[in-house]
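**Student:** what's the 3D shape of this:
(chains A and B)
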Amino acid sequence: MSDIVSLSAADLGAAIKAGEISAQEATTAYLDRIEAVDGDVNAFLHVRRETALEQARAVDARRAAGEEQGPLAGVPVAHKDVFTTKDMPTTAASKILEGWQPPYDATVTARLREAGLVILGKTNMDEFAMGSSTENSAYQVTRNPWDTDRIPGGSSGGSSAAVAAFEAPLATGTDTGGSIRQPAAVCGLVGAKPTYGGSSRYGVIAFASSLDTPGPFARNVLDAALLQEAFSGHDPRDSTSIDAPVPPIVEAARRGDIDGLRVGVVKELDSDGFQAGVRQRFHESLELLESLGAKIVEVSCPSFDAALSAYYLIAPSECSSNLARFDAMRYGLRVGDDGTRSAEEVMSLTRAQGFGPEVKRRIMLGTYALSSGYYDAYYGSAQQVRTLIKRDFDAAFENVDVLVSPTTPTTAFPIGERAEDPMAMYLADLCTIPSNLAGNAALSVPCGLAPEDGLPVGLQIMAPPLADDRTYRVAAAVERALTDRDGALIARSPYAVNG
Amino acid sequence: MTAITRDEVAHLARLSRLALDESELDTLAAQLGDILTAVAKVQEVAQGDIPPSSHALPLTNVFRPDEAQPCLTPEQALSGAPAVEEQRFRVPRILGEEE
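**Tutor:** Next up, the predicted model:
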C-alpha cells in the first residue's frame, strides 16, 4: 500500500497504463489509507468504497480490452463536496442539503469520470464554500496534517488535508476568494485557480457566480497541471465558459524554464504585518527566481488595498441571491411544514435552521448591500473598485509576464483562533482576492517552511487571463530548484508516506 | 463607524427569509456594523465616473440553438423533494388565509 500511495499521480497513471499496477489495486490502497488516517484528519464527508472499486474495475476492463485511455486513467481523486455527483451525496457541508443525492454530475465530475479517474469520496469544506478554515462546516472540523491542532485552510480544506495526508493523490476544489490557493499554501501543496471561465461551473453549487472557479490540488506541479487539463475547456452548459483552447499547462509544468521571464513583485501584497517567516521565504523565492534567470521588478497596484473590502460586498451580494434557491420546496431540508404554516414561514424556518452562522451573516450582508438606498454606496462602489483592480492588473501585465506575492499573510493558524472574529478570518484571503475579482490565472506553490513554526509557506504566481501556463512554468521552476536543494518535495507532512 | 440597528437587522432577516432568534439578531447587529465599517473603504476609492464591473469577462449574452436535449425524468427531478404528490412538488399553502 505505501508504495502505491507514495507515487505521484503522473507516475501512478503511467504504472497503471503499463499494467504494473491495476486501477483496482490503486483504489484499494487509497481506500485503506483513508480508513487508516481519516479518523485523525477528518478530510472526508462521504467515502463510497464499492462505487470507487466499480469505477476502478471498469478502467481495468477498458485497458484489458486495449482501449486507449488518458494519463490519469485509474488514478483516484477526491472531490470537494460542492461538485454534484450522481452516485454520492452532495451537501456543500450544509445541513440544508444533508443526504441530498443529486440526479446529475457536474461537468468537472463528468469529465474526470470520462478520463478514467476514480472518485474516492467527497471532502469537507466551509459551508457553501464560505470561509478560510473549514471550521464553518456543519459536520466536522478538518485538521491540518502538518499539525492537527491547526486549520487546513478553507474553504476547500477537506481536499487540501486529504492530499497532504496522502489520502488522495489529487483533489478538486473551488476558489472564489482564495479557497484553493490558501488551503494549498497552508498544507504545503500546489493549488491553482484557473482563469475564470477556463473551468466549468456547471454542477458546482453556486456561492458567488462571477468569482467561483473550480481548480486542482496536488502534491506536485505536474500532477496539478494534468488534473486541471483533464477537466478544463469550453462547456456549453456554463454561459460564462470561455470558448478557447486550454492553455498548454502540462507542457509548461514539464519545461519549467523561466530564463528572461519578467516577474513583478506586488508592493501592496507584501506587508510588514505579515508573519516574518512567510516574508522570509517569499523573499528567498525572489532571489531563487532571479538566480534562475528571471528579471525581478517591483510593481504597484494601489487599488489592491481595497480588494478585500470590495470582495466582502460583491461575494455576499451574489451569495444572497444564489442561496435564495434553498427555499425548502424542491429539494433539501424542510422544517415546520405542519399544515398550518405558509410556504414563506416554512421557508424562513428551514433557512434559519439549515444554514450556519457564517452563511446567515453573508446572506444578511448581501441583502443589505443590495437594498435600495444602500446599493450605490456599497455594491455599486465595490463594482467600481473591481474595475480599478482590473486596470491595475492590465497596467502591470504590460510590463511583466507574471506577478508574485506570498499566498497568505500567515501560516496555518490554530483551530478556533479566528472562529469568533469574522474580519480576522477574512484577512486570510488578502493576497488571493484580487485575482478572483479580475478573473486572471493564479497558482500557489510551496516555497519552504516558516522558520518559527515549521509550517508550509506558499508562493502565489498570477498571470493574465488564459496565460495559466505561465503560472505553471514559474511553479515548476521553483519546485525543481527547491527539490534539487532539499532532496525532496516540501509536501511532506508528518502524514506523508515514503516510497 | 457604520451603526446598524437591531430593527434594521430584523428587517434584513425578513427580506432574507431567515427566521432568526433574538440572540442572533443581537450578534448580527454588532457584527454587520463592524464588517460594514471595514468594507466602507470602497467608497473612498471608488470616486468619480469609474464604470462598474459586474464580471471579469467582457461577455454579453451567450446563445445556443433552440434544440430539444435529453433532460431529467420526472422521477429524477422529484428525487430530492421534501414532499411529492401526483408527480408534483407538494408545497405548503402560498396564500394567506384571508386572501
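
**Student:** now the helices: where do they sit in chain B?
**Tutor:** Ranges of helices in chain B, per DSSP state H, are B:6-15, B:22-39, B:41-45, B:74-78.

**Student:** Same check on the stretch 251-400 of chain A?
**Tutor:** Secondary structure of the stretch 251-400 of chain A, counting by DSSP state H, counting those that start in this stretch: helices at A:276-291, A:307-322, A:343-354, A:357-369, A:381-399.

**Student:** can you pull the buried residues of the last one?
**Tutor:** The neighbour-count check on helix A:381-399 (16 or more other Cβ atoms under 10 Å in any protein chain shown) flags A:381-390, A:392-393, A:396-397 as buried. C-betas here are computed from N, CA, C, even on glycine.

**Student:** If we check chain B, which of these are in contact?
**Tutor:** Under the cut-off given by Cβ under 8 Å from any Cβ of the partner chain, chain B has A:381, A:382, A:383, A:384, A:385, A:386, A:387, A:388, A:390 from the buried residues of helix A:381-399 close to it.

**Student:** For the fourth one, give me the pLDDT.
**Tutor:** Looking at residue A:384, its pLDDT is 97.

**Student:** any idea how far residue A:207 is from the nearest residue to it once chain neighbours are set aside?
**Tutor:** Closest residue to residue A:384 apart from its sequence neighbours, by Cβ to Cβ, 6 or more residues apart in numbering or on different chains: residue B:46 at 3.6 Å. Going from residue B:46 to residue A:207 by Cβ to Cβ, to the nearest Å gives 23 Å.

**Student:** out of those two, which sits in the more crowded spot?
**Tutor:** Shown here are residue B:46 and residue A:207; by other Cβ atoms under 10 Å in any protein chain shown, residue A:207 has more neighbours (27 against 24).

**Student:** What is the burial count for the closest residue to the more buried one other than its chain neighbours?
**Tutor:** Once flanking residues are discounted, residue A:207 sits nearest to residue A:129: 4.6 Å by Cβ to Cβ, 6+ apart. Burial measure for residue A:129: 30 neighbouring residues, criterion other Cβ under 10 Å.

**Student:** contacting residues around residue 72?
**Tutor:** Looking at chain A here, since you left the chain open. For residue A:72, the contacting residues are A:9, A:13, A:112, A:115, A:116, A:117, A:170, A:226, A:227, A:230, by Cβ atoms under 8 Å, 6 or more residues apart in numbering or on different chains.

**Student:** Let me rephrase: I mean chain B.
**Tutor:** Listed by Cβ under 8 Å, 6+ apart, the contact partners of residue B:72 are A:103, A:104.

**Student:** do residue A:99 as well
**Tutor:** Residue A:99 is in contact with A:89, A:91, counting by Cβ under 8 Å, 6+ apart.

**Student:** Would you double-check that it falls in a strand?
**Tutor:** No. Judged by DSSP: H, G, I helix; E, B strand; the rest coil, residue A:99 forms no part of a strand; its state is coil.

**Student:** In space, what's closest to residue A:282 - neighbours in sequence excluded?
**Tutor:** Once flanking residues are discounted, residue A:282 sits nearest to residue A:406: 4.5 Å by Cβ to Cβ, 6+ apart.

**Student:** Wait, that neighbour touches residue A:271, no?
**Tutor:** No. Contact criterion Cβ atoms under 8 Å: residue A:406 and residue A:271 do not qualify, at 9.3 Å.
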